[in-house]
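S.K.: Let's see this in three dimensions:
(2 chains)
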Amino acid sequence: MRILLIHSDYIKYKTKSKTKIAEEIDDENKEGEFKNSLVVFTAVEKEDEKNPDSVVENAAIEIADIFSKIGAENVVIYPYAHLSSSLSSPDAAKKILHNIEAHLRADDLNVARVPFGWYKSFEVSCKGHPLSELSRTILPEKTDTQPNEEQHIQKSKFHILNKGRLYKVDEFPYQTSDFEKLVDYELDRTKSSGEEPPHVKLMKEKNLAGYEPSADIGHLRWYPKGKLIRDLLADYVYNLVTERGAMPVETPIMYDLEDEAIRVHAEKFGERQYRMQTKNKELMLRYACCFGAFRILADTFITWKNLPLAIYELSTYSFRLEKSGEVVGLKRLRGFTMPDLHTVCADMEQSMQEFNNQISMCSQTGDDLKLNYEVIMRVTADFLKENREWVFQAQSIIGKPIIIEILPKRKHYWICKMDFAAIDYLGRPMENPTIQIDVESAERFGITYINHEEEGLNPIIIHCSPTGSIERVIGSLLEKTAIKMAEKPPMFPVWISPTQVRVLPIAERHLEFALHLADDLMKQNIRIDVDDRPETVGKKIRNAGNEWVPYVIVVGDKEFESSQLMVNIRESNEKMLMSSDELIDLVHQDTYNMPFRKLPLSLKLSDRVNF
RNA sequence: GCCUCAGUGGCUCAGCCGGUAGAGCGAUGCCUUGGUAAGGCAUAGGUCGGGGGUUCGAAUCCCCCCUGAGGCUCCA
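M.R.: Take a look at the predicted model:
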């Protein structure tokens, strides 16, 4: 329900002629005038029909609240269809308006209601003080409160699935603490220690990202090193999915809520959307790439020969209006970047096959990023019943025990999904990759394909994010370093490290040699820089350590003469003597098959700025 | 969104039962010309998150707001 509230000196109206949906009225109600009134222009919407009582209640509370603040004498309820493009049925509207009137009257307010369904002339005089013009959107409570009991009975069941066997969660012999932590979290048993996740501090300390106070909360600024890492990860996912046949696309970030399919899909997301009103349209900012992908697929002629068909987009950005208290560091943001792959499959069999491929793809990202994922599979009871064997083999692809959540009924658009989570420093999961079988959207968005028999059918769509949001990946990498910090020096995987090799010339006379060396390595696609600042070697070593540089070379007279380099290897914390070619090989081994971008910072550290 | 705590030079923090701001790092300059995790000296740098109030006087006490963290809730 949409309402527009005007605190007026007076309002006058006069009925002119009936519409088809007009309510019957007495002569005395054919015209009227009310002094010092809160006029409530009201449009009842389709959505309100789901739970009319709750809308009535919420509207009455809101109106009474404003009424009490402004000191008007009357409330005038004025039916005004033009506030919404999605009106309820006239009967439902009449009933709801009538009930609001009755409800307010029961609160001892003077209430009048202007007739519904008539063409009317009216005149309103707005007082013009700050509270004299307000608008509100009244939402029904989420359908019904009564089925509480039912919901209780319909709780999900959790089991552990391993090697073709289902275990009760308490009877499973846990081998790893990460997995146990995920189980605890899913079962609501995680004890919070009240600490702050270390990645928040690290992202700022390492000059990767920071908060932007002039934006909304949960929107970050990225400094050159962080931006480089984002781009490398973006390249990585791009290669990963295109090598498997997906076609990259790019779609708009905002959508018109007038589009029925968009609106329904968006409504499911509830309050968590950024919306904006332009002159003629109400728009929403996307919270995933689904909207654009589905619209493309709906407009594409697809036959069974094209399937499975995958399109890919990196959403820079997706927007979710998370509650302010829920936004944390890189873990939960209002603006974030999500690789989003949508695969059109002909039928369930094909989807399951494709799902298997995507399990391997998601697991691969764990290896490449050196992150440990724990896995939870969520299925509806019906799906499990029909596809028990397939579900069990899906676990075998993971190769270690997983949690399985069995939902008694389908709640969402998917019937089967798999979430991969890295466990953070505080023992809580950070959800990263995900795969979902969507059985609902194709129909809603009008996506069809032509089968062998030349019939048009709605396909099944698999949503997949092979790494999860880029911000969370970076967050997980930082959390991991914090966990391991006690055992070994923290660092990123070499292919992600902004500086891969740093050269430390001992004295000024070694600078030329150092720059020369850097030039050679740069030509081999290695991100290298030179610490030419007039500091002691000890201090430069320390700085390189603080920046997590994987390889550090000190060059002086000895190196110049022998062309053998003393390389400090962070990973193993040892020093090794090698030639520059051997060092190149070593870095190339570390970064084999991974994307490369040049270092977008000056070669000499003395030229750099600190962010 | 709710409850609790916090916001002081670029960074990390001290000062907080009211009397006009302090350290370390960093930066800049000079000295040191060097061999593996902080060389020395000096200088600059602050509307004490923002607004209002109490007071002769507020970083300090009170109120409102903004931002951050933790918890709750939530994460389709």
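
S.K.: for the record, mean pLDDT for the top helix by length along chain A?
M.R.: Counting by DSSP state H, the longest helix found in chain A is helix A:348-369. For helix A:348-369, mean pLDDT rounds to 96.

S.K.: Stretch A:65-85 too?
M.R.: 83.

S.K.: That one and RNA strand B in contact?
M.R.: No. Using CB under 7 Å from any atom of the strand, stretch A:65-85 stays clear of RNA strand B, with a minimum separation of 15.0 Å. C-beta coordinates here come from the backbone N, C-alpha and C atoms, glycine included.

S.K.: One more: stretch A:331-344?
M.R.: Yes. Against RNA strand B, stretch A:331-344 shows contacts by CB under 7 Å from any atom of the strand at residue A:332.

S.K.: What's the first helix or strand after the helix or strand hosting residue A:417?
M.R.: Following DSSP states H and E, one finds residue A:417 within strand A:414-423. Using DSSP H and E, the helix or strand that follows strand A:414-423 in sequence is strand A:429-438.

S.K.: what lines up beside that following strand in the sheet?
M.R.: strand A:414-423 (antiparallel), strand A:460-465 (antiparallel) (DSSP bridges).

S.K.: hang on, the earlier thing: and the direction of the strand holding residue A:417 versus that of helix A:348-369, what angle?
M.R.: For strand A:414-423 against helix A:348-369, the angle by axes from the mean of the first three to the mean of the last three CA atoms, to 10 degrees is 10 degrees.

S.K.: Rounded mean pLDDT for strand A:414-423, please.
M.R.: Strand A:414-423 shows a mean pLDDT of 95.

S.K.: distance of residue A:569 from residue A:232?
M.R.: To residue A:232, residue A:569 is 21 Å away according to CB to CB, to the nearest Å.

S.K.: Next: residue A:404.
M.R.: Counting by CB to CB, the gap from residue A:404 to residue A:232 is 34 Å.

S.K.: Tell me which of the strands paired with strand A:429-438 sits nearest to RNA strand B.
M.R.: Smallest distance to RNA strand B across the strands paired with strand A:429-438 (CB to the nearest atom of the strand): 7.5 Å, for strand A:414-423.

S.K.: Outline the domain layout of chain A.
M.R.: A:2-137, A:157-478, A:494-607 (automatic domain parsing).

S.K.: Mean neighbour count for those domains - can I get that in TSV?
M.R.: Listed next are these as TSV, based on neighbours: other CB atoms under 10 Å:
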stretch	mean neighbour count
domain A:2-137	17
domain A:157-478	18
domain A:494-607	17
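
S.K.: least trustworthy helix or strand in chain A by mean pLDDT?
M.R.: When each helix and strand of chain A is scored by mean pLDDT, DSSP states H and E, helix A:148-153 comes last, with a mean of 42.

S.K.: do the helix or strand that that one is followed by and RNA strand B meet?
M.R.: The helix or strand immediately downstream of helix A:148-153 is strand A:157-162, counting by DSSP H and E. No. If you take CB under 7 Å from any atom of the strand as the test, strand A:157-162 misses RNA strand B, and the best it gets is 14.7 Å.

S.K.: by contact count, what packs against the helix or strand following strand A:157-162?
M.R.: Next along the chain after strand A:157-162, taking DSSP H and E as the criterion, comes strand A:165-168. With contacts taken as 3 or more CB pairs under 8 Å, 6 or more residues apart in numbering; DSSP states H and E, strand A:165-168 sits against strand A:157-162.

S.K.: any idea of the mean pLDDT for the strand it packs on?
M.R.: For strand A:157-162, mean pLDDT is 93.

S.K.: Report all helices and strands that it contacts.
M.R.: When contacts are defined as 3+ CB pairs under 8 Å, 6+ apart, strand A:157-162 packs onto strand A:165-168, helix A:177-186, helix A:388-398, strand A:402-407.
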